[in-house]
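Peer 1: Sequence plus the predicted model coming up.
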Amino acid sequence: MPNTRSAKKALRQNRRRYIRNRAVRQRIKRWTKKLMAIINEGSKEKAEQVFSFLTKLLDKAAKRNIIHKNKANRKKSRLQRLINAL
């Protein structure tokens with residue numbers, strides 16, 4: 001447990017950030033799974049719509065350092081490759 005006031009405040013801030021960041025990561029995971037299901041169905045138009053939304057989520061998360069920017073780019077690249085293969 002933290003002893004100083006500043007350490008206690010830092011702990012509170014870290015908890016809040018952890019919860020917020022976890023929610024963003026879960027949202028990215030959820031939409032990735034939805035996109036993969038659409039790709040498996042073979043619906044290219046719908047996949048492109050979901051991909052554009054997921055791209056926005058990934059870029060925002062990378063901008064706010066929730067995920068690394070290279071990870072966001074890698075995910076986008078791999079998903080785009082799957083969509084192009086449809």
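Peer 2: Perfect, I can see it now.

Peer 1: Helices along the chain, start to end?
Peer 2: 5-41, 44-63, 69-84 (DSSP state H).

Peer 1: just how off-centre is the last one within its chain?
Peer 2: In other words, helix 69-84. How far helix 69-84 lies from its chain's middle: 12 Å, per CA atoms, centre = their mean, to the nearest Å.

Peer 1: re the thing from before, with respect to burial, which of the helices of the chain scores highest?
Peer 2: The highest mean neighbour count among the helices of the chain, using mean count of other CB atoms under 10 Å, belongs to helix 44-63: a mean of 16. C-beta: built from backbone N, CA, C; applies to glycine.

Peer 1: Can you check what angle separates that one from helix 69-84?
Peer 2: Interaxial angle, helix 44-63 versus helix 69-84 (axes from the mean of the first three to the mean of the last three CA atoms, to 10 degrees): 180 degrees.

Peer 1: what's the model's confidence in helix 44-63, averaged?
Peer 2: The average pLDDT for helix 44-63 rounds to 97.

Peer 1: Show me how far it is from its chain's centre.
Peer 2: Taking mean C-alpha positions (CA atoms, centre = their mean), helix 44-63 and its chain are 9 Å apart.

Peer 1: Can you tell me what sits against it?
Peer 2: By CB atoms under 8 Å, 6 or more residues apart in numbering, the surrounding residues in contact with helix 44-63 are 24-25, 27-28, 31-32, 34-35, 38-39, 67-69, 71-73, 75-76, 79-80, 83, 86.

Peer 1: how many degrees apart are it and helix 5-41 in direction?
Peer 2: Going by the same axes, to 10 degrees, helix 44-63 makes 160 degrees with helix 5-41.

Peer 1: pLDDT value on the residue nearest the centre of the chain, please?
Peer 2: Of all residues in the chain, the one closest to the mean position by CA atoms, centre = their mean is I28, 3.4 Å from it. In this model, I28 is scored at 98, pLDDT.

Peer 1: likewise the one 3 residues further on?
Peer 2: Per-residue confidence for W31 comes out at a pLDDT of 98.
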